[in-house]
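K.L.:
Dropping a prediction and its sequence here:
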Amino acid sequence: MRKKILFVINTMGRAGAETALLELLKALAGQDLELSLYVILGQGEMIEKLPSGVRLLNRKFDTRSVLSREGKLGMAGTVCKAFFRNGKWVKKICCIIKIHAEMRKKGKLQTDKLLWRMLSDGSPRFGEHFDLAVAWLEGASAYYVADYVNAARKCAFIHIDYESAGYTREMDQNCWENFDRIYMVSDEVKEHFLTVYPQYGEKAEIFHNRVDQERIRRMAGEKGGFSDGYEGLRLLTVGRLTYQKAYDVAIEAMRLLKDKGWRVRWYVLGEGDQRRSLEKKIHALGLEEDFVLLGAVENPYPYYAQADLYLHATRFEGKSIAIQEAQTLGCAVIASDCNGNREQIEEGVDGMLCALTPQGIAESAAMLLSDGERRKALGRAAARKDMNQGRELEEFLKLLE
């Protein structure tokens, strides 16, 4: 009888963790396994890329983007249904109030994390037994697998700097005790998680995001990419428009580059809840033609291949899929010197690290923009990186033994 694995994720929107999950499912689809997926919010356009043979447990699924206006309205409806499903309304309200108070005390309200526990408690339950249940993300998927999935063994994946992302022991309610293994996508992610939960050192292991380099290189050669006819130098960033990604700092850095006379244009691929505020900042600094928010695209790889420089100036990371894609395609990369990024860049060998300030970003960009040969050398070194994770997959499958 084939072994049964259930994966649980919060949404299937267009983002790095979802892309990494699809790559892992593709690798597992070639094994003699019965694979299932449950999406807590039942929404996201990336579900259309689900490998054949993977069973989707959601009875209904909304393929609209979780970042679109219509998609957000759909998610609001799902949240309301989760509140009323499975009862225990008083408990849910008390949990939300408690988490809200903790967030206010720390001075940062994060709506998604405020509702993760309630979404977990209010999601449909499945009586089916699995050999292995996998919580692919922090938050609702981890709480759901820990509390409500019937499985012989359970594991979880951590993709972010747990401290910086705002998770707390109070929010988690000791969910990690129920997992046999906790995988981290990088050494720094592991270090920061164990700062919060030092007692789980024996459960913690590294499992890097899987990247299909051959597919990325093939898709980079397809039609697409920049179409505005711009003849100057092009900067590129790929990532959702969120606070974490620090586009507010990048816009100010672009103003400094323009003030110094650089003929350069900065493009961003991605959508997010900060679009409106970023557009206001772009307008205020007179950069409407210079800092361009292109939105999310189906195939970003031609843009990487056509860009002169890739910039990834973020406040914190787990392990960036976008940096891995840029390196695969031989881009010279500048990344902010923060958790996650520094593990992916060998300073001066296959990229550069910079301070997360307008001056730090602008100075590093100007340095490479003025030196084409160095850009090419950094790009060649980046393209030689081997991102094969065969051994890690073998270790993961041992959980089924």
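P.N.:
Perfect, thanks for sending it.

K.L.:
quick one: contacts of stretch 41-54?
P.N.:
Stretch 41-54 has contacts (CB atoms under 8 Å, 6 or more residues apart in numbering) with 10-14, 18-19, 22, 25-26, 29, 35-37, 39, 56, 58, 60-66, 71, 74-75, 78, 119, 140. To be clear about C-beta, it is placed using only N, CA and C from the backbone, and glycine gets the same treatment.

K.L.:
Kindly list the longest strand within this protein.
P.N.:
Secondary structure assigned by DSSP state E gives strand 150-158 as the longest strand of the chain.

K.L.:
Partner strands of it and their direction?
P.N.:
strand 129-135 (parallel), strand 181-184 (parallel) (DSSP bridges).

K.L.:
Just put these in a markdown table and tack on mean neighbour count.
P.N.:
Compiled in a markdown table, these are given as follows (neighbours: other CB atoms under 10 Å):
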| stretch | mean neighbour count |
| --- | --- |
| strand 129-135 | 22 |
| strand 181-184 | 24 |
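
K.L.:
Include distance to Gly372 and mean pLDDT when you put those strands into TSV, please.
P.N.:
Below are the strands paired with strand 150-158 laid out as TSV (distance: least, CB to CB, whole Å; pLDDT from 0 to 100):
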stretch	distance to Gly372	mean pLDDT
strand 129-135	45	97
strand 181-184	37	95
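
K.L.:
now these in a markdown table, with distance to Val349?
P.N.:
A markdown table is the format used below for these (distance: least, CB to CB, whole Å):
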| stretch | distance to Val349 |
| --- | --- |
| strand 129-135 | 34 |
| strand 181-184 | 24 |
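
K.L.:
Which among the ones you listed is found nearest to Leu397?
P.N.:
strand 129-135 (9.1 Å; CB to CB).

K.L.:
Report the buried members of the contacts of stretch 41-54.
P.N.:
10-14, 18-19, 22, 25-26, 35-37, 39, 58, 61-62, 64-66, 71, 74-75, 78, 119, 140 (16 or more other CB atoms under 10 Å).

K.L.:
okay, and the helix or strand of this structure with the least pLDDT?
P.N.:
Ranking every helix and strand in the chain by mean pLDDT, DSSP states H and E puts helix 89-106 at the bottom, with a mean of 70.

K.L.:
those helices in the stretch 1-150 of the chain, which residues are they?
P.N.:
Secondary structure of the stretch 1-150 of the chain (DSSP state H, counting those that start in this stretch): helices located at 16-29, 69-84, 89-106, 111-121, 140-148.

K.L.:
Repeat that for the stretch 201-350 of the chain.
P.N.:
So, for the stretch 201-350 of the chain - with DSSP H, counting those that start in this stretch - the helices run 213-220, 247-259, 275-284, 301-306, 321-328, 341-344.

K.L.:
which one of those helices has the most crowded surroundings?
P.N.:
Mean neighbour count (mean count of other CB atoms under 10 Å) peaks for helix 321-328 among these, with a mean of 25.

K.L.:
mind checking how far that helix is from the chain centre?
P.N.:
Helix 321-328 has its C-alpha centroid displaced from the chain centroid by 13 Å (CA atoms, centre = their mean, to the nearest Å).

K.L.:
List of residues touching that helix?
P.N.:
So helix 321-328 is contacted by 16-17, 19-20, 209, 211, 213, 216-217, 236-239, 300-301, 304, 310, 312, 333, 335, 341, 344-345, 350-351, 382-383, 385, 387 (CB under 8 Å, 6+ apart).

K.L.:
And for stretch 86-94?
P.N.:
Identification of contacts with stretch 86-94 by CB under 8 Å, 6+ apart yields Phe83, Met118, Asp121, Gly122, Ser123, Arg125.

K.L.:
quick one: low-confidence parts of this protein?
P.N.:
Across the chain, the ranges flagged by pLDDT under 70 are 89, 99-101, 103-104, 106-111, 388-390.

K.L.:
go with 80
P.N.:
67-68, 79, 82-84, 86-115, 163-166, 168, 318, 339-340, 386-391 (pLDDT under 80).

K.L.:
Export the contacts of stretch 86-94 to TSV and append columns for neighbour count and distance to Ala322.
P.N.:
Below are the contacts of stretch 86-94 laid out as TSV (neighbours: other CB atoms under 10 Å; distance: CB to CB, whole Å):
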residue	neighbour count	distance to Ala322
Phe83	17	35
Met118	22	31
Asp121	21	33
Gly122	24	33
Ser123	25	30
Arg125	12	36
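
K.L.:
circling back: figure out which of the helices of the stretch 1-150 of the chain is closest to Leu397.
P.N.:
Comparing the helices of the stretch 1-150 of the chain under CB to CB, the one sitting nearest is helix 16-29, at 8.2 Å.

K.L.:
now for that closest one, which elements pack on it?
P.N.:
On a contact count with 3 or more CB pairs under 8 Å, 6 or more residues apart in numbering; DSSP states H and E, helix 16-29 meets strand 3-9, strand 33-39, helix 321-328, helix 390-397.

K.L.:
Show me how far stretch 221-229 is from its chain's centre.
P.N.:
25 Å.

K.L.:
What is the end-to-end distance of it?
P.N.:
Start-to-end span of stretch 221-229 (CA to CA, to the nearest Å) is 19 Å.

K.L.:
So for it, what gets flagged as buried?
P.N.:
Neighbour counts over stretch 221-229 (16+ other CB under 10 Å) mark Gly224, Gly225, Phe226 as buried.

K.L.:
got it, and stretch 158-170?
P.N.:
Result for stretch 158-170 [16+ other CB under 10 Å]: buried residues Ile158, His159, Ile160, Asp161, Tyr162, Ser164, Ala165, Gly166, Tyr167.

K.L.:
how close does the last one sit to Ile40?
P.N.:
Plainly put, Tyr167 is 16 Å away from Ile40 if you go by CB to CB, to the nearest Å.

K.L.:
cool, the fourth one as well?
P.N.:
Distance check for Asp161 against Ile40: by CB to CB, it reads 22 Å.
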